[in-house]
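Asker: need coordinates for the following:
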Amino acid sequence: MATSPPHPTPPGGAPRHAHWWQRPWVRYGALITLLALSGLVILALVREQTGTRGFLVGLGLAVLPVPLLVAAFRWLDRVEPGPWRNLLFSFAWGACAAALMAIVANSFATRWIATATADPTGADTLGSTVIAPVVEESAKAAAVLLVFLFRRRDFTGIIDGVVIAGVTATGFAFTENILYLGTAFGTDQLTGDSGIASVTAATFFVRVVMSPFAHPLFTVLTGIGFGIAALSTDRQRARRVLPPLGGLLLAMGVHALWNGSSALGQYGFLAVYAAFMVPAFGLLTWLAVWTRQRELRTVRAELPAYVAAGWLNAAEPFALGSMRARRVARRYARRHGGRAAARSVAAYEAYATSLAFLRHRGRLGRAGTDFITRERELLLELWHRRSAARPALEHAARATAPRVPVAAAPWAGYGWYGAYGGYGGYGHPPHGQPPYGYPYTTHDPNARRS
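Answerer: Numbers count the residues shown, from 1 in each chain. Just a heads-up that it's a prediction; the model follows:
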């Protein structure tokens, strides 16, 4: 994404130097160190419980669903792709920090309950149905919260919440599957079982084949809550707090239902799986795909204002609002300009999508105080890439749909650069210069339009 503009110099002197803990390299270093230490500790704990051979077998089997799940969430995020660093952080947090917190807290709570009640069996049941859902969902939700707070520009809606939560849960399930599959392999080594009748095969079928989506399904509910909060304004404090909290509580409840189904016997487990888990998974999948399509409609609806101001060509809103046209544009750029041109077109598509979403939030009164600054940043990013992107997008528009004339008048102006009166009221910008448009009237970004 575009970098933030430098902080203005305060009146009366040079800017103050940030405290050492506010410097980016210190924060990044602390975060990487935390995740690395968590990874080493969780590696040692899992290896201690499974043995070296069990760990390697569990690792080999647990990694199988990871590429498919990550690819599915990445596909969902293709309309406005988030930075890879956010996905890497989310996966590492789930696999290392969240898994470590869950193992330590679950073990401590279960032992404490067993000692207090002198009922180890009841403690295990209580631990799996009550303690584990609360601890695990809270640990995974921490990653979503951190991205929401410190990568706010990358967290703009429900899809972002779904993707961050899903990738975090994928990392958590990866580590958990290593533990379960490695333990099952150790049991088979002791009993001499092998093949389809082994505990390892049964564990693999239940956790990897039947329910690889279980943990992502739970945590996605939390992500949806944060996505709803991201669509609110700073003044809507209840909407910024209640949806994430409600999503977290719902995730804990569904997780508890899933864990508790194992105590109902084989048929009870299958009944919960068929009657609840599969329909819930289908419903959330439909919601995510529908939201993705709505985002594309938003792109097609908001960008024509910048056509009227001269920032975009008439064919670009259609091409940018179609995933097929976007792919055609990238292939065209790669064929005629190489990989660098294809990357430039991909970046152009991402910045244009961010611009459309920013304008949409502004029209709804949800834009922040930095609306004008952010709009200008995105428009300049587009302007710098126009030489490679515009021919590719025009080709994609011609190749994927009939060319439809776009009128310049119907779209109401909002913001400074996407309003009527582009180029200072004249028809064209100076040669080679970006079309700095000036609106007839200015608007408060936080004032909702009627």
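
Asker: list the contacts for residue 263?
Answerer: For residue 263, the contact set (Cβ atoms under 8 Å, 6 or more residues apart in numbering) comprises 125, 129. Any C-beta I mention is one placed from the backbone N, CA and C, and that applies to glycine too.

Asker: that one and residue 117, how far apart?
Answerer: Residue 263 sits 17 Å away from residue 117, taking Cβ to Cβ, to the nearest Å as the criterion.

Asker: low-confidence ranges, the protein, go.
Answerer: 1-22, 234, 401-450 (pLDDT under 70).

Asker: mind naming the longest helix for it?
Answerer: Longest helix of the chain, by residue count under DSSP state H: helix 323-363.

Asker: grab the nearest non-local neighbour of residue 349.
Answerer: residue 326 (5.4 Å; Cβ to Cβ, 6 or more residues apart in numbering).

Asker: just checking, residue 269 touches residue 261?
Answerer: Yes: the pair residue 269 / residue 261 is scored as a contact, 4.7 Å apart, by Cβ atoms under 8 Å.

Asker: who does the helix or strand encompassing residue 52 touch, helix- and strand-wise?
Answerer: Using DSSP states H and E, residue 52 falls within helix 24-62. Contact analysis of helix 24-62 by 3 or more Cβ pairs under 8 Å, 6 or more residues apart in numbering; DSSP states H and E lists helix 84-92, helix 99-117, helix 158-191, helix 199-204 as its packing neighbours.

Asker: ok, residues contacting the last one?
Answerer: This means helix 199-204. Here helix 199-204 makes contact (Cβ under 8 Å, 6+ apart) with 57, 61, 180, 181, 184, 185, 187, 188, 191, 193, 195.

Asker: closest to residue 396 out of those residues?
Answerer: residue 61 (41.8 Å; Cβ to Cβ).

Asker: wait, what's in contact with the closest one?
Answerer: Residue 61 is in contact with 177, 181, 200, 204, 208, counting by Cβ under 8 Å, 6+ apart.

Asker: try it again with 7 Å
Answerer: 181, 204, 208 (Cβ atoms under 7 Å, 6 or more residues apart in numbering).

Asker: neighbour count and distance to residue 226 added to those, as JSON lines?
Answerer: Listed next are the contacts of residue 61 as JSON lines, based on neighbours: other Cβ atoms under 10 Å; distance: Cβ to Cβ, whole Å:
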{"residue": "181", "neighbour count": "25", "distance to residue 226": "31"}
{"residue": "204", "neighbour count": "22", "distance to residue 226": "32"}
{"residue": "208", "neighbour count": "18", "distance to residue 226": "28"}
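
Asker: next, format those as a markdown table and append distance to residue 151.
Answerer: Listed next are those as a markdown table, based on distance: Cβ to Cβ, whole Å:
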| residue | distance to residue 151 |
| --- | --- |
| 181 | 33 |
| 204 | 35 |
| 208 | 31 |
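
Asker: the helices in the stretch 201-350 of the chain, which residues?
Answerer: 214-230, 237-261, 265-272, 278-302, 304-308, 316-320, 323-363 (DSSP state H, counting those that start in this stretch).

Asker: and those helices: which comes nearest residue 122?
Answerer: Of those, nearest to residue 122 by Cβ to Cβ is helix 237-261, at 13.4 Å.

Asker: now do the buried residues in the closest one.
Answerer: Buried positions in helix 237-261, judged by neighbour count with 16 or more other Cβ atoms under 10 Å: 240, 243-244, 247-248, 250-252, 254-261.

Asker: what do you get for stretch 65-76?
Answerer: For stretch 65-76, the neighbour count (16+ other Cβ under 10 Å) marks 65, 66, 69, 70, 72, 73, 74, 76 as buried.

Asker: centre of the chain versus that stretch, how much separation?
Answerer: Relative to the centre of its chain, stretch 65-76 is centred 11 Å away, using Cα atoms, centre = their mean, to the nearest Å.

Asker: so what touches it?
Answerer: Contacts for stretch 65-76 (Cβ under 7 Å, 6+ apart): 159, 162, 163, 166, 167, 170, 174, 208, 212, 216, 288, 292.

Asker: one more pass at 10 Å, please.
Answerer: Applying Cβ atoms under 10 Å, 6 or more residues apart in numbering, the contact partners of stretch 65-76 are 81-82, 84, 87, 90-91, 95, 159-160, 162-167, 169-171, 173-174, 177, 207-209, 211-213, 215-216, 220, 285, 288-289, 291-292, 323.

Asker: so which of the helices of the stretch 201-350 of the chain gets nearest residue 121?
Answerer: Distance to residue 121, taken as Cβ to Cβ, is lowest for helix 237-261 among the helices of the stretch 201-350 of the chain, at 14.6 Å.

Asker: just checking, what packs against the closest one?
Answerer: helix 132-150, helix 158-191, helix 214-230, helix 265-272, helix 278-302 (3 or more Cβ pairs under 10 Å, 6 or more residues apart in numbering; DSSP states H and E).

Asker: the same query, at a cut-off of 6 Å, please.
Answerer: On a contact count with 3 or more Cβ pairs under 6 Å, 6 or more residues apart in numbering; DSSP states H and E, helix 237-261 meets helix 132-150, helix 214-230, helix 265-272.

Asker: quick one: that helix to helix 278-302, angle?
Answerer: For helix 237-261 against helix 278-302, the angle between stretch directions is 150 degrees (axes from the mean of the first three to the mean of the last three Cα atoms, to 10 degrees).

Asker: quick one: helix 237-261 to chain centroid distance?
Answerer: Distance, stretch centre to chain centre, for helix 237-261: 18 Å (Cα atoms, centre = their mean).

Asker: one more: stretch 259-275?
Answerer: Computed by Cα atoms, centre = their mean, the chain-centroid distance of stretch 259-275 equals 30 Å.

Asker: what are the buried residues along that stretch?
Answerer: 259, 260, 261, 269, 272, 273.

Asker: just stretch 375-393 next, same as before
Answerer: 375-379, 381-382, 385-386, 388-393.

Asker: for stretch 273-285, same thing?
Answerer: For stretch 273-285, a neighbour-count test (16+ other Cβ under 10 Å) marks 273, 277, 280, 281, 284 as buried.

Asker: next one: stretch 187-199
Answerer: Using 16+ other Cβ under 10 Å as the test for burial, stretch 187-199 gives 188, 189, 193, 198, 199.

Asker: next, the distance between the ends of it.
Answerer: The straight-line separation of the ends of stretch 187-199 (Cα to Cα, to the nearest Å) is 7 Å.

Asker: related to what we said a few turns ago, and the helix or strand just after the longest helix of the chain, what other elements does it pack with?
Answerer: Next along the chain after helix 323-363, taking DSSP H and E as the criterion, comes helix 371-384. Applying 3+ Cβ pairs under 6 Å, 6+ apart, one finds that helix 371-384 makes contact with helix 323-363.

Asker: from the contact counts, what lies against the helix it packs on?
Answerer: Applying 3+ Cβ pairs under 6 Å, 6+ apart, one finds that helix 323-363 contacts helix 278-302, helix 371-384, helix 386-400.
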